[in-house]
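Engineer: what's the 3D shape of this:
(chains A and B)
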Amino acid sequence: MDRIECQWCKAQNEPERTSCSTCGAPLDKQNLVSDSGWAEAPRLRDMTEFRFSNSTCQIEGEIVPVAELALANGDSVFFEHHVMLWKEPNVPMSALNTGGGMKRMLGGMPHVLSVAHGPGRIAFSRDANGEVVVLPLHPSMELDVREHAFLAGTHSLNYSFVRIKGLANVMHGGGGMYMDRFVTQNEPGLLLLHGYGNVFQKTLQPGEKILVEPGGFLYKDSSVQMNTVKQSIRTGLMSHGMYLAEMVGPGRVGIQSMYVHHHSSE
Amino acid sequence: MTTPTVTYTCPYCRIPSDGSSATCPHCGAPVDVRERVSDSGWIEQPAIRDMARIRFNRSTCQISGTYVPVAEFNLHPEDWIYFSHHVLLHTDANIPLEAKKMPGGWNRHLAGIPLIMMTARGPGHLALSADHPGDTLAVPLMPNQAIDVAEHRFLAATGNVNYQYLKMHLWFVTGDPNDRNDQETHYPAGRFLDKFSAQNQPGLLLLHAPGNVFIRDLQPGQHILVQPSSFLWKDPSVRMNLHFEYPRGQYWFTSRKYQAKSVWMTLTGPGRVAVQSVFERPETVGQVINDCGATRHHW
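Structural biologist: A predicted model of the protein is given here:
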């Protein structure tokens, strides 16, 4: 019997499944794609469960969703400590030193990421309306994520952070000074993000460009170049500057519809 | 050439269509759902379905997402829209973005209204989003039709929709009647009212309201009291006024700094009004020493 391919993460699923076993996306619903090619991140059904390594993740709630993980022995996840909603008392915790303490302090990012080890249950939530975006990462994938947007990453992911290049990008990009970078090693990994509002993804072809409100940027493949471009707008004698993020393919770009708005100069 | 048979009039935008599609082609409201009316007569404005398309002129507007919806325009080469620059989410790199001339810059600055209104001309795709969870409303305007909208609710309008902003004459002053430095003027529904009107041809107006939206048709002379900051839009025939309501037994703790009262906006028919379910917490303010001609009721 034919297996069903998940339209979001491309994983193969048994025909009787109604949600993807790898990312939780509904399999019995058509992927929603706008006329210009932005695919809506799948709305995960309440209590949807999916697997990673030997553990499971269940998504609960729809307005401010919670990701509840049942960690198997030997599995672990890392996260920013303030996104932890609850945990079982016996779940061991450790710290992951991110390096670059001064840089991270300047960027307003936590110096230490927390790590929870299985066995046991732990749950995460960012306290805002939005969607949990589940991104299974295959070996040798690199993904750049807006700072303070990641909810949790599995132990098989390498975490680092990269400086956003260019003073104009830092000053006017609306994305802060750094981006989180997640790189898979030899085995697949799973990354959970929280997107504010609704989340959309578009795959850019090589050289294809799109302009995005910088505060709406959520994630991108590291192959996608991000530049900040200034739109000069004249109103009479006044000149106004407006900055947009120019994304150049190839690769995926994810955006969120509720965003941190940068200020235009007036 | 055949003329489409009119079999359906959308209860939300009041424009007839053939009713053959699942959503109203003019405002995107679902056609195949039963109208939800509260016992008191408020009609819940249904959310525009994910990926529903609204037609205007030779272009389309597609609404995607449900928490914080995105309005994605596919603009025809001869069509253009205008919008406040801070709602732009993404755009094709080849769409020309220009500033629309806005009179009264200082007044707009004082009122916290965006100074720059941008225009985008087709061909190409462009998407807008207001960063609040809520409903995006499409309000089609027939030629010479106008509506009055609360400030900061505007998302976009087609080029043929005329935009003016008028002073919102709902205000009151609190403080020491003998000391002008100790007085504060309050504008519970904002300082300005946006007025949009279609010119010689139909136009489309997009609004974004935090929370849910409810509409009702007021009969001539019918009143309703609403929270001033929940007001969303109204027909120009609906009159507005300020109303103070004083609860019984409040006088023992009344002071110049604090006075127990409710501040309401009175809406008087005839015409349609719309309110949103998210509104600002009313201010606890002192004795009113001057106002715009508000009515009062002491219980």
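Engineer: Say whether chain A is contacted by stretch B:24-34.
Structural biologist: No - Stretch B:24-34 stays clear of chain A (Cβ under 8 Å from any Cβ of the partner chain), getting no nearer than 13.8 Å. (Glycine included, C-beta is placed from N, CA and C.)
Engineer: in that stretch, what counts as buried?
Structural biologist: For stretch B:24-34, the neighbour count (16 or more other Cβ atoms under 10 Å in any protein chain shown) marks B:24-30 as buried.
Engineer: ok, and what's touching that stretch?
Structural biologist: For stretch B:24-34, contacts defined as Cβ atoms under 8 Å, 6 or more residues apart in numbering or on different chains pick out B:8, B:10-13, B:15, B:17, B:19, B:21-23, B:45-46, B:48-49, B:52-55, B:61, B:63, B:137-140, B:204.
Engineer: cool, and stretch A:17-35?
Structural biologist: Residues from elsewhere that reach stretch A:17-35 (Cβ under 8 Å, 6+ apart): A:4, A:6-9, A:11, A:13-14, A:39-40, A:42-45, A:48-52, A:57, A:59, A:134-136, A:200, B:50-51, B:53, B:60, B:62, B:64, B:70, B:72, B:74, B:125, B:127.
Engineer: and the two most separated of the buried residues of stretch B:24-34?
Structural biologist: In the buried residues of stretch B:24-34, two members sit farther apart than any others by Cβ to Cβ. They are B:26 and B:30, at 13.0 Å.
Engineer: Contacts only, for the closest residue to residue B:220 other than its chain neighbours.
Structural biologist: Nearest residue to residue B:220, sequence neighbours excluded (Cβ to Cβ, 6 or more residues apart in numbering or on different chains): residue B:270, at 4.3 Å. Counting by Cβ under 8 Å, 6+ apart, residue B:270 makes contact with B:217-222, B:235, B:237-238.
Engineer: At the geometric centre of chain A, which residue do we find?
Structural biologist: In chain A, the residue lying closest to the centroid (Cα atoms, centre = their mean) is residue A:193, at 3.7 Å.
Engineer: For that residue, give the beta-bridge partners.
Structural biologist: Per DSSP bridges, the residues bridged to residue A:193 are residue A:133, residue A:150.
Engineer: Please tell me I have it right and it contacts residue A:153.
Structural biologist: No - with contacts defined as Cβ atoms under 8 Å, residue A:193 does not count as touching residue A:153, sitting 9.5 Å away.
Engineer: Downstream of the worst-scoring helix or strand of chain A on mean pLDDT, the next helix or strand is which one?
Structural biologist: Of all helical and strand segments in chain A, the minimum by mean pLDDT, DSSP states H and E falls on helix A:167-172, at a mean of 55. Moving toward the C-terminus from helix A:167-172, the next helix or strand (DSSP states H and E) is strand A:178-184.
Engineer: Report the strands that pair with that following strand, each with its relative direction.
Structural biologist: Counting by DSSP bridges, strand A:178-184 is paired with strand A:142-146 (antiparallel), strand A:157-163 (antiparallel).
Engineer: who in chain A is up against chain B?
Structural biologist: Counting by Cβ under 8 Å from any Cβ, chain A sits next to chain B at A:32-36, A:38, A:40, A:43, A:63, A:129-131, A:196-198, A:200, A:209-213, A:215-216, A:231, A:233-236, A:240, A:242, A:244, A:246, A:255, A:257-259, A:261, A:264, A:266.
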